[in-house]
Structures are given as C-alpha cells and as structure tokens.
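Participant: Provided below for reference: sequence and predicted model.
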Amino acid sequence: MEESNKIKGISADGIDRRLSVAPMMDWTDRHCRVFHRLLSPDALLFTEMVTADAIIHAGAERFCAHDESEHPLALQLGSSHPDKLARAVEAVAPYHFDEINLNVGCPSDRVQSGRFGACLMAEPELVARCMTAMMGASDIPMTVKCRIGIDDMDEEAGLDTFVDAVADSGVKIIYLHARKAWLSGLSPKENRDIPPLDYERAYRLKQRRPDLEIYLNGGIVTTDTACAEMARFDGVMIGRAAYKTPYILSEIGEAAFGRAPVSRVDVMEKMADYAAAQIADGVKMHAITRHMLGLYNGNSGARQWRRVLGEELRGETDARKLAAAAYQIEERIAKWQAA
Ligand SMILES: Cc1cc2nc3c(=O)[nH]c(=O)nc-3n(C[C@H](O)[C@H](O)[C@H](O)COP(=O)(O)O)c2cc1C
C-alpha cells in the first residue's frame, strides 16, 4: 500500500475503513444502515450475518437488497464450506457489495453446530480454503472478522498461526474482536463482555504483520478511544456503541476527520423522507424507528425521545411526525441549556 494512501486512510482498494460499524444480527438491517449512513458519510457499514446456505436456498434478494446510500457496504457471510461460499459470493454479485466478510467470531450454539463462526479459529487451513474459494468467485475484497482466540487456544501462537494461514490465502484485511470467545458455558451476549479485552495482543499482531490491515473491534465506546486506537491500528470497528449511542458516529467524524458535526434534526428530516417511502411500500414505522431510539442518548431529551419514538409514533403512518418530534426535542434541549 502506498504511504500516501495510508495517511489518508484509504486502502489500496479505495475503501476508507478507518471507521466501520460492526455486523450485528437483528440490529444492522437496511433501515439501521440508512440511519447510520446519515450520521457518517463514509464509514464502512456491515450487513447482519447471512449464511451461505440461506442465500443459496432462499435467494439473495431477501438478504441483500439495500439502498444505494448505504455504500460503502460489506456483506458478512457465515459458512465453513468453500464451495457454498463461492456459490453465495456469485449469487450476490448483482448487489455490488464493496466487500465480503467471513464471520469467524460468532460463538452461538447454532453457529457452532453448523461448524462456522468462532469455532473456525481452530481450523485455519479450512478458513484459508474458504477465503480462496470466495476470492476465486469475485474480484472484490474478501476479509475476515475473528477473535484473538477461543477457549484454551494459545493467544500468541494460536492467533499468529490463524492469521498467517488466512494471509497466505491472499486475505489482506482482518477485523479483530480483541477478546477470546469461550465456546462452552457462555451465551453469545456474555461472550461479548466476559472474556477480557486485550488490545495489546491485537497490537502485537499489527506490529508483527504490518503488511496486513488490522481493524480493532471490541469495547470501543468513546470518541477518544476510537481516535487513539485509529492511530495504532488501520482503523476501528464499533458495534454496540454505534447502535446504542449512534451520535458517536458524528462525533468520531468530527474528532478524527475534522468534519462538521451532523445535525440530528437534518438526520431526522432525511429519515422522515426515507420512512415515508418505506411505509408506502408496506414497512411498519417501528421497523425503522427502533434503530433510532438512542439518537439523543446523553442529552436531556433522551428519555422523551425514546418514549415518543418507541410508544407514541409506534403505529404511526405519517412519517413527517418523525422530523416534528426531533424539532420538539431540540427545543426542549435549547430551553434546558438556556436555563
Ligand atoms: C446484537 C448483536 C448482534 C451481533 N451479530 C453479529 C454478527 O452477525 N456477526 C458478527 O461478526 N458479529 C456480531 N456481533 C458482534 C459485533 O460485531 C462485535 O464484534 C461485538 O459487539 C464487539 O464490538 P463492540 O464492543 O463494539 O460491540 C453482534 C453483536 C451484537 C451486540
């Protein structure tokens, strides 16, 4: 990668991944991604994980349809079958994703019984074959999202062996959730909090393999941490904080990239237009508003906003009321600040 590209944060393939919003099942659906895009003009957004089987059997449209504004957009796949992954990659070609990512981090029982997700960290050669098959089916970047280890795997040698095997297959980009997954005894939710974070282990990997782009994920909840880790790694991937406190996406844009802060009212004006079109197509208001409940978190109007969106407007069909609700909250905040 050219140094000039590196400084700008643009990868050799032209995508700026310095800030990514993590794939989150049931959360990062297309409505959520449209909302996140309004808060961050070029963060790389991820779909929820979709299994290769689902795409092959149920068809790609249901999982892959999206709004043009969502780009740059990565599709995350789950599977451990090289041939199925290649077929899924071919099937999604018409949707023009900017990147396709393999999930090697999910610890759920359902995923383990399908022999994919985090348990694949114990099978580096199989993951390498999966990636080779995916790369053979498309020219767009194929990337991996993994943990620093599983169970009693040696965090040093185990992670190095895994990453080296995957890199040998041609993968250049890794999103690293910097904690182990413990595959028995913990729920997926617990596996996102209980195994300790180890950013230094992740950083040792970055130092050992400076040729790879490594994006740090896990536990980043403040703009300061995001900026500090962006300087050590190629960038950061933010999950729960982007969902629960979405305005952090604008704050990181300001602090890290010198952008003007995004206006929440502008976001809601645009979301109202989007919602009007979606409601006309039969989508329920709540399917869209459920992702926006945290927009004012950290502000005095946060609770009122959650109540208006989550209760009062739940069954509403007039999308303009979304923007009106935002103006009301802003007025309330202004009064509170003046007092
Ligand atoms: C509700 C939820 C669903 C998730 N679904 C996925 C998924 O589909 N694929 C995946 O790789 N990780 C998934 N994750 C994990 C996140 O991508 C991320 O790695 C994890 O939350 C740690 O980052 P954070 O501390 O910034 O949230 C999910 C997390 C949450 C909270």
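Facilitator: Received, thanks. Keep in mind that what you see is a predicted model, and the values were worked out from it rather than measured.
Participant: skipping adjacent residues, who's closest to the closest residue to the ligand within the stretch 151-300 of the chain in space?
Facilitator: Using Cβ to the nearest ligand atom, residue 239 is the residue of the stretch 151-300 of the chain that sits closest to the ligand, at 2.6 Å. (Each C-beta comes from the backbone N, C-alpha and C, glycine too.) Taking Cβ to Cβ, 6 or more residues apart in numbering, and ignoring the residues beside it in sequence, residue 239 has residue 22 as its nearest neighbour in space, at 3.5 Å.
Participant: how many other residues sit next to the one you found?
Facilitator: Here the neighbour count serves as a burial measure; for residue 22 (other Cβ atoms under 10 Å) it reads 25.
Participant: contact partners for it?
Facilitator: With Cβ atoms under 8 Å, 6 or more residues apart in numbering as the criterion, the residues that contact residue 22 are 28, 46, 175, 217, 237-239, 242.
Participant: same question for residue 221.
Facilitator: With contacts defined as Cβ under 8 Å, 6+ apart, residue 221 is in contact with 240-241, 245, 248.
Participant: let's go with 7 Å and repeat that
Facilitator: Contacts of residue 221 were listed using Cβ atoms under 7 Å, 6 or more residues apart in numbering, and they are residue 241.
Participant: what's the answer for residue 170, then?
Facilitator: With contacts defined as Cβ under 7 Å, 6+ apart, the neighbours of residue 170 are 131, 135.
Participant: any idea how far residue 339 is from the residue of the stretch 151-300 of the chain closest to the ligand?
Facilitator: Counting by Cβ to Cβ, to the nearest Å, the gap from residue 239 to residue 339 is 36 Å.
Participant: list of residues touching the top helix by length along the chain?
Facilitator: Assignment by DSSP state H gives helix 320-338 as the longest helix of the chain. In this structure, residues lying in contact with helix 320-338 by Cβ under 7 Å, 6+ apart are 264-265, 268-269, 271-272, 275, 296, 299-301, 304-305, 308-309, 313.
Participant: next: stretch 110-117.
Facilitator: Outside of stretch 110-117, the residues within contact range by Cβ under 7 Å, 6+ apart are 78-80, 103-108, 119, 183.
Participant: can you rerun that using 6 Å?
Facilitator: Residues external to stretch 110-117 that are found in contact with it (Cβ atoms under 6 Å, 6 or more residues apart in numbering): 78-80, 103, 106, 119.
Participant: contacting the ligand as well, which ones from those?
Facilitator: Residues shared between those and the neighbourhood of the ligand are 103, 106 [Cβ under 6 Å from any ligand atom].
Participant: narrow the contacts of stretch 110-117 to those in strands?
Facilitator: Here DSSP state E is the test, and the contacts of stretch 110-117 give 78, 103 as lying in strands.
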